[in-house]
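# Provided below for reference: sequence and predicted model.
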Amino acid sequence: MSRVILPESFTKKRQPQTGIQRCNPALQVKGKKWIKAVNTIAMAERTDSTANGFEMDVYFDTARNNFFVYHDSSVISAVTAGDIFSVMDKRNLQAAAWLDCKNLDEQNKARALEQLLFLKNKHALANRILVESSNAAALKIFCDSGFFTSYYVPFFNPYTETEPMLIGRIDSIAAVLKKYPVSALSGYYFQVPFLKKYFPVFPLLTWTEDSRISLVNNYFNYQLEKDDQVKIVLHDVEN
């Protein structure tokens, strides 16, 4: 984390990609500090009533036509996104929701969109749903239907890769974004400086570590909070 705080040039052989068009539906965001991995009923019940937003990890099941909420496919849960939204409704929470769609693809995207439109209308979530996926092509119909979308960039650490590798990262991400417009980019906190430099037109969504006793951690989180390009930062539920 201390390394990320220090300036890094990465490469001068590529300029910031400023000519890429965004998909730009509205998203109501009161503040950028959101709660990470609200994946159980118990966590939904103890979510801070003043939370700006929360993230769920979801898998769309075409056989049951529903979003099921869990992080790892080895530990499948019967909790649905609708169950989490119902808890929020009972508590009268006005938080926005970030759906980390783990298995969105060309085969299930239409059915997933239909179900999400149903949930949006049932739980009065207009302009309060963010759809994230590593499959930018599958996100397009969500953007076209008025959802704020985020492309989860491939995992890499820009501080450990060679210059040719970084050039390849820039070119491949840019190629995806030019073909499939999205609203934002999401990635690990150590990817933020790289994404800020080469994709300045895109809001950034990220998640960070929380440690009250770490001065470096606290300073880095302060930097994220004041950075206008960083739209949302996920934190642990107890923080």
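Now that the structure is in, tell me what you want to look at.

# now residue 9, what's its secondary structure?
coil (DSSP: H, G, I helix; E, B strand; the rest coil).

# from residue 151, how far out is it?
Between residue 9 and residue 151 the computed distance is 24 Å (CB to CB, to the nearest Å). C-beta here means a position set from N, CA and C on the backbone, and glycine is covered the same way.

# ok, the two, which is more surrounded?
residue 151 (27 against 7; other CB atoms under 10 Å).

# on the pLDDT front, check that one for me.
Per-residue pLDDT puts residue 151 at 98.

# all the helices of this structure, residue numbers only.
Using DSSP state H, the helices found in the chain span residues 2-5, 41-45, 81-90, 109-122, 136-144, 163-179, 192-198, 215-226.

# in terms of mean pLDDT, which of the ones you listed ranks lowest?
helix 2-5 (a mean of 58).

# what angle do the strand ranked longest in the chain and helix 81-90 make?
The residue-count maximum for a strand in the chain (DSSP state E) belongs to strand 53-61. Angle, strand 53-61 to helix 81-90, by axes from the mean of the first three to the mean of the last three CA atoms, to 10 degrees: 150 degrees.

# now do strand 53-61: which elements does it pack against?
With contacts taken as 3 or more CB pairs under 8 Å, 6 or more residues apart in numbering; DSSP states H and E, strand 53-61 sits against strand 33-35, strand 66-69, helix 81-90, strand 96-101, helix 109-122.

# one more pass at 10 Å, please.
strand 33-35, helix 41-45, strand 66-69, helix 81-90, strand 96-101, helix 109-122, strand 129-133, strand 230-235 (3 or more CB pairs under 10 Å, 6 or more residues apart in numbering; DSSP states H and E).

# and these as a markdown table, adding mean neighbour count?
Below are these laid out as a markdown table (neighbours: other CB atoms under 10 Å):
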| stretch | mean neighbour count |
| --- | --- |
| strand 33-35 | 22 |
| helix 41-45 | 16 |
| strand 66-69 | 22 |
| helix 81-90 | 18 |
| strand 96-101 | 24 |
| helix 109-122 | 17 |
| strand 129-133 | 25 |
| strand 230-235 | 21 |
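
# reformat these as TSV; add distance to residue 168.
Formatted as TSV, those follow (distance: least, CB to CB, whole Å):
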stretch	distance to residue 168
strand 33-35	31
helix 41-45	39
strand 66-69	34
helix 81-90	36
strand 96-101	25
helix 109-122	27
strand 129-133	22
strand 230-235	25
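
# who's in contact with the residue lying closest to residue 30 once chain neighbours are set aside?
Excluding its sequence neighbours, the residue lying closest to residue 30 (CB to CB, 6 or more residues apart in numbering) is residue 52, at 4.9 Å. By CB atoms under 10 Å, 6 or more residues apart in numbering, the contact list for residue 52 reads 28-35, 94-96, 232.

# switch the cut-off to 6 Å
Neighbouring residues of residue 52 by CB atoms under 6 Å, 6 or more residues apart in numbering: 30-31, 34.

# residue 120 too?
residue 129.
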